[in-house]
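>>> Give me coordinates for this.
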Amino acid sequence: MRRTLALAIALGIALPAVAADERTTLTLYRADNDQLFATDGRAVSGDGYAVVHERRAFDLKGGTQDLSIDGLPSALDSEALSLRFPGKGTRVVSQRLMLGQGFDAAVSGLAGQNVTVVGTNGQPIASGTLVHGGDPLVIRDAGGATNLVKDYAALRVSGTADIARGSTLQVRVAGASAGRSTAQLDYPTSGLGWRGAYVATIAPGSTCRMDFDASASIANRSGRDWKDVSLKLIAGDANRAKSAPQPRMFKGMVAAAPMAASMDAMPEQATLGDLRTYTLPAAVDLPDGSVTQTPLYDRHTIDCERDAVYDTQMRYYNSPPRLERDIGMPPSTPIVSTVRFKAFDSLPAGYVRVLTADRDGNAELLGEGRLDDTPKNKDATVTLGNAFDLTATREQTSFAASVADHRMDEGMRITLNNASDASRTVTVREHPNRWRAWTLTSSSAKPTKNTPDGLEFKVDVPAHGTATLDYAVRYTWAATDLPQ
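Next up is the predicted model:
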């Protein structure tokens, strides 16, 4: 049975962030896995990648001494962890990372606390002091009676308590001088990541104009709270040779709702090798099990283009000339609606939600699409979905193949239907796929593009009407191109 550790926020329980003498800095890398941003209640994730830079203060006794640093993320990279003391006197002799154990460690850490055990029906089934957090739980009530609880849904803490979470670093240092010393602690961890979150709102009317809001969506499922941290976001793909540690999954301590950060200034951009950085102008809080959004740019109003595209996507793939009359082309293919715009600045990869106002004034979703890393002034295209009122059918109007003449001719007809009240222009993309060498011999409309990969036509379709596109191509080859 999956069990959840439920902490009652109404009772004032706070999960402590680790204190530091100076502000902790997080460098977050882009995360493409949707699981890190999912709202399924799982708090710890092995997805994402971040580098943590923090300062830790210690009271050194002099000579050789063992130190303990707890509250570290549950999925940090132990091989890349570094603790450095100022000067040459103090050195690290050895370090050992004690990995967090997720749910079981959290329950065991409540030993001695007053708890209420909640059953699967949501009703309390036992309350008192938690004597043992194993399986079963051992609860001693106010009268001194002991209860053993095996199957339960949640534990509710009746007072403020620190929850033992995450990993602990045990360090032995030597050569230290007595006194207070601040060390630099650096380590990478999974469970943290970010991606672009964009909202494009298309204005009503015949022209395509849209308000474009660009934000960074930041997920924290590291098993630790981060309070008042400086944040640097890395855009681009930084190669990593090994997989991130996979922590034990358990239901979250805090289910923090996504929130928008309010800032007077936008992030400062810079380059880092072939990557791009965005440094936030103010410190932020990233509670464990949360998704936080913060603006990347001020809102921009930009021009765009709406397209309706017919494209079978069936291309030539290095086969010999295909001489059979029927090669399995689909008789109908959906016409896809897209919106295209030019990036006003560098746009890190993420997702774009495209909205427009309906007649009731509410902004409704037209579609959502993936946006790859897009440099400034480059075109970006978002696929919105299939156009409801536009349909297309295709048929072969002629075919002739001659092995002796090394030639093949084929004619095609695309019929476009428009059931809407407005005329539409459909972009038809065709990919002659019987052989790599071909030429256009005739067409009812002049192609807007003619490349070795295919043909593109712009076809106007009247409201409640039909339009047809006819074209023919000729394939030619050498005798050695056919299998013997």
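
>>> Number of residues surrounding T64?
11 (other C-beta atoms under 10 Å). Any C-beta I mention is one placed from the backbone N, CA and C, and that applies to glycine too.

>>> In which helix or strand does it reside?
When secondary structure is defined using DSSP states H and E, the element that contains T64 is strand 63-72.

>>> next structured bit after that strand?
Defined by DSSP H and E, the subsequent element after strand 63-72 is strand 82-84.

>>> Each with direction, which strands does the helix or strand just after that next one pair with?
On the C-terminal side of strand 82-84, the closest following helix or strand by DSSP H and E is strand 91-98. Strand pairing for strand 91-98, determined by DSSP bridges: strand 167-176 (antiparallel).

>>> Could you check the angle the very next helix or strand once past the partner strand makes with strand 91-98?
For strand 167-176, the following helix or strand on the C-terminal side (DSSP H and E) is strand 179-189. Following axes from the mean of the first three to the mean of the last three C-alpha atoms, to 10 degrees, one obtains 50 degrees for the angle between strand 179-189 and strand 91-98.

>>> What residues of strand 179-189 count as buried?
Of the residues in strand 179-189, those with enough neighbours to count as buried (16 or more other C-beta atoms under 10 Å) are 181, 183, 185, 187-189.

>>> Now the residue of the chain most remote from its centre. Its backbone dihedrals?
Among the C-alpha atoms of the chain, the one most distant from their mean position (C-alpha atoms, centre = their mean) is that of A404, at 55.5 Å. Here the main-chain torsion angles of A404 (degrees, to the nearest 10) amount to phi -60, psi -40.

>>> So what's the predicted local confidence for it?
Among the per-residue scores, A404 holds a pLDDT of 93.

>>> now the strand holding T64, how far from the chain's geometric center?
Centroid separation between strand 63-72 and its chain, computed with C-alpha atoms, centre = their mean, to the nearest Å, is 35 Å.

>>> what's the distance between the residue farthest from the centre of the chain and A472?
From A404 over to A472 the distance is 21 Å, taken as C-beta to C-beta, to the nearest Å.

>>> T415 too?
When C-beta to C-beta is the yardstick, T415 and A472 sit 16 Å from each other.

>>> what does T294 give?
Using C-beta to C-beta, we find T294 at a distance of 56 Å from A472.

>>> what are the ranges of the helices in the stretch 1-150 of the chain?
Counting by DSSP state H, counting those that start in this stretch, one finds helices in the stretch 1-150 of the chain at the ranges 102-108.

>>> Give the residue spans of it that score low on pLDDT.
By pLDDT under 70, the weakly predicted segments of the stretch 1-150 of the chain are 1-22, 39-43, 99-106, 108-109, 134.

>>> Using a markdown table, please lay out the buried residues of strand 179-189 together with distance to F37 and pLDDT.
A markdown table is the format used below for the buried residues of strand 179-189 (distance: C-beta to C-beta, whole Å; pLDDT from 0 to 100):
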| residue | distance to F37 | pLDDT |
| --- | --- | --- |
| S181 | 39 | 89 |
| A183 | 33 | 91 |
| L185 | 27 | 92 |
| Y187 | 23 | 92 |
| P188 | 20 | 92 |
| T189 | 17 | 90 |
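
>>> List the buried residues in the strand holding T64.
Buried positions in strand 63-72, judged by neighbour count with 16+ other C-beta under 10 Å: 65, 67, 69, 71-72.

>>> Which one of those residues is nearest to I327?
Nearest to I327 among the buried residues of strand 63-72: L72, at 59.7 Å, using C-beta to C-beta.

>>> Setting aside sequence neighbours, what's the nearest residue to that closest one?
With sequence-adjacent residues excluded and distances taken as C-beta to C-beta, 6 or more residues apart in numbering, L72 is closest to S167, at 4.4 Å.

>>> One more: D213?
V199 (4.5 Å).

>>> now that neighbour, what's its secondary structure?
Of the three states, V199 takes strand according to DSSP: H, G, I helix; E, B strand; the rest coil.

>>> That one: neighbouring residues, count only.
The burial metric for V199, expressed as a neighbour count using other C-beta under 10 Å, is 18.

>>> contacting residues for it?
Residues counted as contacts of V199 (C-beta atoms under 8 Å, 6 or more residues apart in numbering) are 212-213, 215, 352-353, 355.

>>> just to revisit the earlier point, so for T294 and A472, which sits in the more crowded spot?
More crowded of T294 and A472, by other C-beta under 10 Å: T294, with 24 against 16.

>>> For that one, name its beta-bridge partners.
The residues listed as beta-bridge partners of T294 by DSSP bridges are A216.

>>> isn't it right up against L280?
Yes. The criterion here is C-beta atoms under 8 Å, and T294 meets it with L280 at 6.3 Å.

>>> T374: neighbour count?
By the measure other C-beta under 10 Å, the count of residues near T374 is 19.

>>> Likewise for D421?
What D421 shows, counting by other C-beta under 10 Å, is a neighbour count of 8.

>>> again, but for T441
Counted with other C-beta under 10 Å, the burial measure for T441 works out to 12 neighbours.

>>> could you dump the helix or strand hosting it to PDB, C-alpha only?
Here T441 is covered by strand 438-443, with elements defined by DSSP H and E. Included here for strand 438-443 are C-alpha records, laid out as PDB according to Å, rounded to 0.1, in the frame of the first residue of the first chain:
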ATOM      1  CA  TRP A 438      12.100  14.000 -60.500                       C
ATOM      2  CA  THR A 439      10.900  17.200 -62.300                       C
ATOM      3  CA  LEU A 440       7.600  19.000 -62.300                       C
ATOM      4  CA  THR A 441       6.000  18.700 -65.800                       C
ATOM      5  CA  SER A 442       2.800  20.600 -65.200                       C
ATOM      6  CA  SER A 443       0.600  22.100 -62.500                       C
END
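
>>> Check which helices and strands that strand sits against.
With contacts taken as 3 or more C-beta pairs under 8 Å, 6 or more residues apart in numbering; DSSP states H and E, strand 438-443 sits against strand 454-461, strand 465-476.

>>> If we use 7 Å, what do you get?
Helices and strands in packing contact with strand 438-443 are listed as strand 465-476; criterion 3 or more C-beta pairs under 7 Å, 6 or more residues apart in numbering; DSSP states H and E.

>>> Starting from the strand it packs on, tell me which strands it pairs with and how they run.
strand 407-418 (antiparallel), strand 438-443 (antiparallel).

>>> Go through those and pick out the most buried.
Among the strands paired with strand 465-476, strand 407-418 has the highest mean neighbour count (mean count of other C-beta atoms under 10 Å), at a mean of 18.

>>> The residue nearest to L72: neighbouring residues, count only.
One way to gauge burial is a neighbour count; for S167, by other C-beta under 10 Å, it gives 26.

>>> I'd assumed T480 was in a strand, is it?
No. Judged by three-state DSSP, T480 forms no part of a strand; its state is helix.

>>> The stretch 101-250 of the chain: strands as residue ranges?
In the stretch 101-250 of the chain, the segments counted as strands under DSSP state E, counting those that start in this stretch are 114-118, 124-132, 137-140, 146-149, 154-157, 167-176, 179-189, 192-202, 209-220, 226-235.

>>> R325 versus the residue farthest from the centre of the chain, what's the distance?
With the distance defined as C-beta to C-beta, A404 ends up 18 Å from R325.

>>> what does D453 give?
Distance check for D453 against R325: by C-beta to C-beta, it reads 24 Å.

>>> Quick check: nearest residue in space to T397, chain neighbours excluded?
Distance criterion C-beta to C-beta, 6+ apart; nearest residue to T397, sequence neighbours excluded, is G411 at 4.1 Å.
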